[in-house]
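Visitor: Provided below are the primary sequence and the corresponding predicted coordinates.
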Amino acid sequence: MSKKTNRRKFLKDTAAASAGFMIVPRHVLGGKGFVAPSDQVRIAGIGVGGRGASILREASKSKFVKIVALCDVDDNRAAPTYKAYEKAKQYKDYRKLLEKAKGIDAIMVATPDHTHASIALPAMQLGKHVYLEKPLAHNIHETRLLTEAAAKYKVVTQMGNQGTSGEGVRKIQEWLAADLIGEVTKVHCWTNRPIWPQGVATPSGEHAVPATLDWDLWLGPAKMRKYHPSYLPFKWRGWWDYGTGALGDMGCHIIDPPFKALKLGYPTSVEASVTQVFVGDFVLADIPDSCPPSSKVHFDFPARENMPAVELIWYDGGIMPKRPTELKDDEVMNEDGGCIFEGSKGKIMCGVYGRDPILLPSSRMKKTEFPKETIQRIPEGHEINWINAIKDGTPTTSSFDYSGPLTETVLMGNLAIRSYNLKMLKDGKKPGDWAPWKYPGRRKLNWDGANMKITNFDDANQFVKREYRAGWEM
């Protein structure tokens, strides 16, 4: 009897223990740090060499992230990332990756500018959350498509202008709201880019495509042309078919602080001047495919809310605004890039991404009573901000409803840059027809932002969107 009783007790106790075991939370079963599969954000990286590797590393700092797929047209460039995430499935064609998208929650894209929209739009249509490097797209039309798609499909989006999650941008917003420099009517923004060739002739000659590269996939929606090492791996930024030049590369970083702090919205007009390029004995080169070596662009923004109209001036290629008189001889003017806000009561200067803002003259930094922090900080960083938004609805700092209009503004500057010589073409002349010492003139372009249209020079509207290679139409 004793043995039978003990056996019955053992089975009863075991059953009770088993029942209790079944309701223990999964994170307890897995030990400290365990994340249940249902809590994971399964990410696919597209364009994972260079910049793409960096954003994946940042996102992977979240315990909720699992990198499940990787895609790149160049096996050699992608090799270090493939090694870092050995369990992730590998693809060369993002379209095949998206066909398998059932096991993917979100994508992170860091391909060249000309393929941003081609990748992000179908992903959003599949309900995938999107992190997309800046600029949002290659042209204004594509940018608007992405902005509208994000709202329609209700996905969590973030553009990769990391500075907008930083401390500097928040300080500038709070200082302006506290009226530390009064009404701002002019902002100067500059960069030392390009740091790659621009203003050069279209390359020619035969070159073998590297065995690890799928050149056709790399071209994507751009017109077919022969492979040349002048385009890869980073120099594509200086060619209009693929990149968006110095302004497209850095504008979403550097123009972001005034765009956000001053609530700028669409500009009403823009005008540009660019460096003329000469070859040989003062012969003007015809370089329609390459961005200019340097440019200066004036944007006009209307009055908004209780703020006055603003002129924003962009400088690149080594051109910089006049040094503020308030700066001491030994004080640096951020030669790599930055902003100067000119207000009725003073000035603010910051570096690239809005970093390290200061009041000018700098002696004001010790005398001023600064406002308390009123804007939430993002200590976890830009990429994790996006992950948190997917997990719990935390607002992202550069969702497409914000970064879309910002990108459109930047690309509208490119529209003016590309239209610079069209005044001469409108008069029936061709590139190279004018004498090199004659200034081709500057034209102010009036912009209807809502309808994405230049209203006073129709020839410029050809740059609002692009022509697509057959099979890549959007």
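Guide: Yes, it's here.
Visitor: how about the residue nearest the centre of the chain, what does it touch?
Guide: Nearest to the mean C-alpha position of the chain, by C-alpha atoms, centre = their mean, lies K134 at 1.2 Å. By C-beta atoms under 8 Å, 6 or more residues apart in numbering, the residues touching K134 are M159, G160, N161, C252, H253, S403, T407. In this view, the C-beta of every residue, glycine as well, is placed from N, C-alpha and C.
Visitor: go again using 6 Å as the cut-off
Guide: Neighbouring residues of K134 by C-beta atoms under 6 Å, 6 or more residues apart in numbering: M159, G160, N161, C252.
Visitor: And for L262?
Guide: Residues near L262 by C-beta under 6 Å, 6+ apart: V310.
Visitor: Return the distance of it relative to M307.
Guide: L262 sits 6 Å away from M307, going by C-beta to C-beta, to the nearest Å.
Visitor: so where's the protein uncertain?
Guide: Scanning the chain for pLDDT under 70 picks out 1-37, 280-286, 421-442.
Visitor: Break it down into its structural domains.
Guide: 37-163, 164-381+400-463 (automatic domain parsing).
Visitor: what separates Q462 from A44, distance-wise?
Guide: Counting by C-beta to C-beta, the gap from Q462 to A44 is 34 Å.
Visitor: One more: F400?
Guide: 19 Å.
Visitor: can you check I340 too?
Guide: Distance, I340 to A44, using C-beta to C-beta: 41 Å.
Visitor: ok, back up a step: could you name the specific helix or strand carrying the residue nearest to the residue nearest to the centre of the chain when sequence neighbours are not counted?
Guide: Take K134 and drop its neighbours on the chain: the residue closest to it by C-beta to C-beta, 6 or more residues apart in numbering is C252, 3.9 Å away. Taking DSSP states H and E as the definition, C252 sits inside helix 245-254.
Visitor: which outside residues touch that helix?
Guide: By C-beta under 6 Å, 6+ apart, the list of residues contacting helix 245-254 from outside reads 134-135, 161, 163, 189, 191, 193-194, 237, 291, 316, 337, 353, 410, 413-414.
Visitor: I'd like the next helix or strand past it.
Guide: Downstream of helix 245-254, the next assigned helix or strand under DSSP H and E is helix 256-261.
Visitor: Show me what counts as buried in that following helix.
Guide: D256, P257, P258, F259, K260, A261 (16 or more other C-beta atoms under 10 Å).
Visitor: same for that helix, what does it pack against?
Guide: The contact analysis (3 or more C-beta pairs under 6 Å, 6 or more residues apart in numbering; DSSP states H and E) places helix 256-261 against helix 167-177.
Visitor: how far does the helix it packs on sit from the chain's center?
Guide: Here helix 167-177 is found 21 Å from its chain centre; the criterion is C-alpha atoms, centre = their mean, to the nearest Å.
Visitor: What residues of that helix count as buried?
Guide: By neighbour count on 16+ other C-beta under 10 Å, the buried set for helix 167-177 is E167, G168, V169, R170, K171, I172, Q173, E174, W175, L176.
Visitor: quick check, nearest of those to Y91?
Guide: Among these, V169 lies closest to Y91 (C-beta to C-beta), at 35.5 Å.
Visitor: Tell me who's in contact with that closest one.
Guide: Neighbour list for V169: P257, G354 [criterion: C-beta under 6 Å, 6+ apart].
Visitor: Now do it against G338, distance only.
Guide: As for V169, its distance to G338 is 13 Å (criterion: C-beta to C-beta).
Visitor: before we move on, what about D39?
Guide: 41 Å.
Visitor: before we move on, the earlier item: mind checking which of Q462 and A44 has more residues around it?
Guide: Using other C-beta atoms under 10 Å as the criterion, Q462 and A44 rank with A44 on top: 28 against 14.
Visitor: Find the nearest non-adjacent residue to that one, please.
Guide: Once flanking residues are discounted, A44 sits nearest to A69: 3.9 Å by C-beta to C-beta, 6+ apart.
Visitor: which residues does the closest residue to S419 other than its chain neighbours contact?
Guide: Distances taken as C-beta to C-beta, 6+ apart place A460 nearest to S419, at 4.1 Å, with adjacent residues excluded. Contact analysis of A460 by C-beta under 6 Å, 6+ apart lists S419, L445, I454.
Visitor: Equivalent analysis for I172, please.
Guide: Listed by C-beta under 6 Å, 6+ apart, the contact set of I172 reads P257, A261, G354, P357.
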